[in-house]
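Enquirer: Here is the input, now give the coordinates:
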Amino acid sequence: MASKTVHMKCYPWLINPYKIIIKQHQIKKTHHAFLIKTIKGLGVYKLVWKVSKWLLCNQKDGIKYCKKCHSCELMSSGNHPDWHHYIKNKNEMITVDHIREINEKTFKYPKQGKNKIIFLSNIKKLTESAKNALLKTLEEPPENTWFFLIDYSNITVNSTLHSRCLIYQLFPPREKKSLHWLKNQNLLNKKLNLISLRINQGSPISAKKFINNGLWEERKNLFLCFFKSIKNQNLLKILPILSINNTLIKIDWICLLLFDAIQLYFNQKKKLTNFDELELIQFFSHNYNYSTLNKSIYTWNKCRYRLLNIPGINNELLLLEQLLKWEKILSFIV
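Expert: Numbers count the residues shown, from 1 in each chain. Down below sits the predicted model:
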């Protein structure tokens, strides 16, 4: 079985990317800096870790690492002196001082074997000065030093940084394969699984967390309250449920629902994400035109941006302002 060959039984969609990357190294056609563009929730850390383990292994067998040599044991215990992982914490930023630290390690001889790995697990966390310093390092790195960078953004964060790397796109698996994986995780409700996948950009791991961590129930409660407030033409009723927790995620759910209404407006019923909320989607699609729905999404995204980027902002006050603005857009108030 292919999954046994590369030890990725739990994330089968990583088997082929692993083989492709290793093959590039075997035929000496790879690049010293490998930038993976992807979305969160595909297990990209595991992919980089497995590739790194192969690169650092002293007794490789084709595309497999041996799991027995001293290097493999050090990797398994998380103590390999030539494996350098930066950006481990959610709120951690990479500064120019970190890059100086990376440079110091980059230009030293490996302590085990002949390879060294530098892993930056989210390039969005690089400060501007850190990016510029990193560019110089990537321009002329020493031999046998491999850089792995992850980019989770949909836009090019730094075109120069991208130009210094080999870009690899890691896409979510097809819905059918993801549904099969979720079913094997003892999640047997196909309808629930499919909605969860679509809400989470096709990420099977995020969909599993969404179902198991209570977010599914939160979403149901939000839309139940939302539907009642729409009927009463009083959107302020959803303020308490919107402001308690997971506010940014709840704004994403509202935007996805509005986008579904646009899809329905253009008769794209098969592509709906929230197809369990058809009555709510139909209300928006039948009562508002594309322009109004698009304006609604725009104002919600603007609200989300302000919540995320303005330090010390009063969340409840901002949400109240947004709901009043939205009532006006929907002609609830004149």
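Enquirer: contacts, neighbours, all on C-alpha from now
Expert: Noted.
Enquirer: neighbouring contacts of stretch 109-120?
Expert: Residues outside stretch 109-120 that contact it (C-alpha atoms under 8 Å, 6 or more residues apart in numbering): 52, 55-58, 71, 81-87, 102, 106, 144-150.
Enquirer: Endpoints of that stretch, how far apart?
Expert: 20 Å (C-alpha to C-alpha, to the nearest Å).
Enquirer: ok, Q24 - contacts?
Expert: T30.
Enquirer: again, but for D151
Expert: D151 touches 35-38, 121-124, counting by C-alpha under 8 Å, 6+ apart.
Enquirer: so where is this structure shaky, pLDDT-wise?
Expert: Scanning the chain with the threshold set as pLDDT under 70 gives 1-10, 88, 154-159, 333-334.
Enquirer: Which stretches in it count as strands?
Expert: For the chain, the strands defined by DSSP state E cover 33-37, 83-86, 116-120, 145-151, 166-169.
Enquirer: Show me the one of the ones you listed that comes nearest P240.
Expert: strand 145-151 (34.8 Å; C-alpha to C-alpha).
Enquirer: angle of that closest one against strand 116-120?
Expert: On the basis of axes from the mean of the first three to the mean of the last three C-alpha atoms, to 10 degrees, strand 145-151 is oriented at 10 degrees to strand 116-120.
Enquirer: mind listing what's buried in strand 145-151?
Expert: 145-151 (16 or more other C-alpha atoms under 10 Å).
Enquirer: for stretch 283-294, same thing?
Expert: In stretch 283-294, counting by 16+ other C-alpha under 10 Å, buried: 284-285, 288, 290, 293-294.
Enquirer: Closest to S163 out of those residues?
Expert: Looking across these and measuring by C-alpha to C-alpha, the closest to S163 is N294, at 34.5 Å.
Enquirer: Redo the buried residues of stretch 283-294 as CSV? Include distance to S178.
Expert: Listed next are the buried residues of stretch 283-294 as CSV, based on distance: C-alpha to C-alpha, whole Å:
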residue, distance to S178
F284, 30
S285, 29
Y288, 34
Y290, 32
L293, 30
N294, 30
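Enquirer: now, among the residues you listed, which is nearest to S77?
Expert: Nearest member of those to S77, counting by C-alpha to C-alpha, is N294, at 50.6 Å.
Enquirer: For the closest one, give me its contacts.
Expert: 259, 262.
Enquirer: Check the one 10 residues further on too.
Expert: With contacts defined as C-alpha under 8 Å, 6+ apart, the neighbours of R304 are 248, 251.
Enquirer: One more: L74?
Expert: H80.
Enquirer: Repeat that for I36.
Expert: 148-151, 167-170.
Enquirer: now, which of those residues sits nearest I329?
Expert: Among the contacts of I36, and counting by C-alpha to C-alpha, the member closest to I329 is D151, at 35.8 Å.
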